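S.K.: My questions concern the predicted model and sequence given below.
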Amino acid sequence: MKNVFIHPEILLVVKRNNFNTNLSESESLKLEAAKEEGRKFATEILESLFNKVQYGKIESHFNTERLNSDNFNEIRESMISLHHQRRVISDEGDKYLLEITLLKNKLNRLEKSFFRFLFKNKIRLLNEQIAIKGDELLSIKQVEKESYLKINFKFDQIMVKEAYSDLISAFTDLKYSHKIWDMIYSERNFETKAAAGTTMERSEVRFKFDSIKSILTNEKSFCFENFNGGDFYFYPSFIIYFKNHEDIAIVDYNDLIIKYSEIRFLEERQNIPTDTIVLGETWYRVNKDGSPDRRFVDNFQIPIVSYGSIQIQTISGINELYYISDVRKAKHFCEQYHRYQDLLK
């Protein structure tokens with residue numbers, strides 16, 4: 001088992017980035033070749049284990065090529081190849097799992113039969129088959145587990161390494177904010193006398209330390225969950241926009257713009273997070289001078305709170321907006337991001 005897989009390994013020096021190229025047609029062909037290479041390698045691994053696996057071509061399409069930043073093609077190709085390798089292996093594992101389940105169901109029926117003493121040999125053979133299939137499934141799972149791209153990051157300057165460490169520290173604080181929302185919809189509120197000028201829809205998400213399954217690194221990476229699109233995985237040299245294994249883009253730090261602002265939000269009293277600053281109150285129906293509109297007998301007060309806004313954008317089309325309940329943590333993270341980003345310019 002140890003001899004059937006060689007981990008791809010890449011060394012990246014984290015430094016100022018001078019790349020300025022776009023994905024050409026020939027590079028697109030390289031990505032397709034990487035997919036096929038992954039499928040072929042996986043089949044060879046499985047054939048070496050069991051000498052009987054045959055798989056057809058797995059079709060796939062990328063929808064995010066235009067989001068890709070400069071010259072990270074080697075990593076992207078390796079990730080695509082590994083994904084298709086893992087997919088073939090995973091599909092084979094699913095097939096074995098189904099076979100084991102069917103065998104166990106058959107065994108269970110025989111063991112519960114009133115005439116089970118007549119089926120002693122069948123029961124024995126079924127137990128042997130289940131044990132063999134179980135061992136083969138474990139072998140497949142082990143190969144799948146070992147199918148990863150190893151990326152070692154080396155910082156060319158101590159100040160860059162320290163800046164990334166500060167970014168990790170700021171993210172640690174940020175992820176413990178009481179509430180983090182992905183703002184997924186907004187429109188202007190035309191309702192007469194309404195205090196809120198904009199109607200917004202939001203979904204609570206998590207920020208966490210995480211990495212894409214097919215990548216193993218020597219440095220910490222973290223993730224912004226995205227409710228209605230791909231998640232953002234931050235590594236020392238790049239950010240990966242990951243919707244699924246068919247929709248993936250690698251973005252340079254200098255191409256990912258993060259904007260911070262403090263926003264005033266009308267929050268229902270029972271929903272105010274514990275770490276949020278309350279600025280004051282207004283009325284649901286309000287006059288221009290801020291006084292309550294007395295024409296509405298069911299008028300009530302609404303707390304005004306301060307949230308930190310983190311907007312993520314790229315020229316190529318990414319546009320995500322997050323609200324953070326703790327403005328100080330959100331601001332500090334953005335400051336550290338900009339500091340680290342400036343060092344990579």
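M.R.: Now that the structure is in, tell me what you want to look at. Residues are numbered from 1 along each chain as shown.

S.K.: Please count neighbours and contacts with C-alpha atoms only from this point.
M.R.: Noted.

S.K.: What ranges in the stretch 201-345 of the chain fall below the confidence cut-off?
M.R.: 244-246, 283-300 (pLDDT under 70).

S.K.: at 90 instead, please
M.R.: 201-202, 212-217, 227-230, 241-252, 254-255, 263-271, 280-304, 313-319, 345 (pLDDT under 90).

S.K.: Dump stretch 143-156 to CSV, keeping only the CA atoms.
M.R.: Extracted in CSV, the C-alpha atoms of stretch 143-156 (Å, rounded to 0.1, in the frame of the first residue of the first chain):
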residue,chain,number,x,y,z
VAL,A,143,-5.6,5.3,-0.6
GLU,A,144,-8.3,8.0,-0.7
LYS,A,145,-7.0,9.4,2.6
GLU,A,146,-3.4,9.6,1.2
SER,A,147,-4.4,11.3,-2.0
TYR,A,148,-3.5,14.9,-1.2
LEU,A,149,-1.4,17.7,-2.5
LYS,A,150,1.3,18.8,-0.1
ILE,A,151,2.2,22.5,-0.2
ASN,A,152,5.1,23.8,1.9
PHE,A,153,5.1,27.5,2.3
LYS,A,154,8.4,29.3,2.9
PHE,A,155,8.5,33.0,3.7
ASP,A,156,11.3,34.9,2.1
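
S.K.: Test my guess that residue 258 contacts residue 315.
M.R.: No: using Cα atoms under 8 Å, residue 258 is not in contact with residue 315, being 12.0 Å away.

S.K.: Please say which of these two ends up with more neighbours.
M.R.: Taking other Cα atoms under 10 Å, residue 258 and residue 315 do not tie; residue 258 has more neighbours (20 against 10).

S.K.: the strands in the stretch 101-250 of the chain, which residues?
M.R.: Assigned by DSSP state E, counting those that start in this stretch, the strands in the stretch 101-250 of the chain fall at 149-155, 180-188, 198-204, 207-209, 215-217, 222-224, 231-234, 238-244, 247-252.

S.K.: Strand partners (parallel or antiparallel) of the third one?
M.R.: Spelled out, that is strand 198-204. Here strand 198-204 is paired, per DSSP bridges, with strand 180-188 (antiparallel).

S.K.: The fourth one now?
M.R.: Next to strand 207-209 in the sheet, as set by DSSP bridges, lie strand 222-224 (antiparallel).

S.K.: swap in the fifth one?
M.R.: Strand 215-217 has the following strand partners under DSSP bridges: strand 149-155 (parallel).

S.K.: Scan this structure for its longest helix.
M.R.: Secondary structure assigned by DSSP state H gives helix 73-112 as the longest helix of the chain.

S.K.: so where is the stretch 51-200 of the chain shaky, pLDDT-wise?
M.R.: In the stretch 51-200 of the chain (pLDDT under 90), the answer is 51-93, 96, 109-124, 136-152, 156, 183-200.

S.K.: Quick one, which of the strands of the stretch 101-250 of the chain gets closest to residue 319.
M.R.: Across these, residue 319 has its closest neighbour in strand 180-188 (10.5 Å, Cα to Cα).

S.K.: roughly how far apart are residue 161 and residue 243?
M.R.: Going from residue 161 to residue 243 by Cα to Cα, to the nearest Å gives 29 Å.
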